[in-house]
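Q: Pasted the sequence and its predicted model underneath.
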Amino acid sequence: MKKKKIAIFASGTGSNTEQLIKHFKGHPHIQIGLIISSSSKAAVVKLAEENDIPFSVVNKSLLSNNSYMNSLLNLYDIEFIVLAGFIMLIPPFLVKQFDRRMINIHPALLPKYGGRGMFGLAVHQAVISSGDQLSGITIHYVNEMYDQGKTIFQTTCKVDRRDNAEKLSKKVLELEHKYLPEWTEKLVMEMRYF
Ligand code: GRF
């Protein structure tokens, strides 16, 4: 049977992309078919090259161009999208087209600490400043608004009194690296039987 192909959209350091690549290497039913980034300088460029994965840079105007995005995603037979640190807002036509087939990972327990500007250390700093004793991750479907799609999975870690934003981000990243590949696999496998 033909493998299901995933596109990863990533703009940051790419540690989640790296875990996803590792997880699906040699997978019998799922393949990373494309990596899309908002910058040609992103760390994921190297990951794509090293792992022989097609790579494309998409700026804001290309991302919002329906026919461009459709041809790109069709060209690589993409059926599922994972946003792993992608900075741009996803346009409504893509949200619609990939309804229940596009997920995002957020490094905090949504609905708190999400939305525009809530990325990188700012998220962890906000959690620490709030005095919350738990943080964690949220994997959710993507809709037209930042971090507001339906939650699929959350898990927590403790915020210690001595944590700073860097320390907390490391704890949260560990959870991301474990659960994002697992949940991506689960959701794509379920999709096989649609
Ligand atoms: C992660 O913390 C993820 O939750 C958020 O962006 C960050 C990406 O990290 N959406 P990396 O680039 O995968 O290391």
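A: Nice, thanks for sending it over.

Q: nearest residue to the residue of the chain found nearest the ligand other than its sequence neighbours?
A: Nearest to the ligand in the chain, going by CB to the nearest ligand atom, is residue 85, at a distance of 2.6 Å. In this view, the C-beta of every residue, glycine as well, is placed from N, C-alpha and C. The shortest distance from residue 85 to any non-neighbouring residue, by CB to CB, 6 or more residues apart in numbering, is to residue 12 (3.6 Å).

Q: what's around the one you found, how many residues?
A: Look at residue 12: counted by other CB atoms under 10 Å, it has 19 neighbours.

Q: Identify the single longest helix in this structure, thanks.
A: helix 165-191 (DSSP state H).

Q: And the ligand, is that helix touching that?
A: Yes. Residues of helix 165-191 contacting the ligand under CB under 6 Å from any ligand atom: residue 176.

Q: what packs against that helix?
A: Helix 165-191 is packed against strand 4-9, helix 15-24, strand 30-37, strand 78-83, strand 102-106, helix 121-130, strand 134-141, strand 151-158, with contacts defined by 3 or more CB pairs under 8 Å, 6 or more residues apart in numbering; DSSP states H and E.

Q: Put together JSON lines for these, with distance to residue 89, mean neighbour count and mean pLDDT on each row.
A: Formatted as JSON lines, the helices and strands packed on helix 165-191 follow (distance: least, CB to CB, whole Å; neighbours: other CB atoms under 10 Å; pLDDT from 0 to 100):
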{"stretch": "strand 4-9", "distance to residue 89": "11", "mean neighbour count": "24", "mean pLDDT": "98"}
{"stretch": "helix 15-24", "distance to residue 89": "19", "mean neighbour count": "20", "mean pLDDT": "98"}
{"stretch": "strand 30-37", "distance to residue 89": "14", "mean neighbour count": "24", "mean pLDDT": "98"}
{"stretch": "strand 78-83", "distance to residue 89": "10", "mean neighbour count": "22", "mean pLDDT": "98"}
{"stretch": "strand 102-106", "distance to residue 89": "11", "mean neighbour count": "24", "mean pLDDT": "98"}
{"stretch": "helix 121-130", "distance to residue 89": "17", "mean neighbour count": "17", "mean pLDDT": "97"}
{"stretch": "strand 134-141", "distance to residue 89": "15", "mean neighbour count": "21", "mean pLDDT": "98"}
{"stretch": "strand 151-158", "distance to residue 89": "19", "mean neighbour count": "15", "mean pLDDT": "98"}
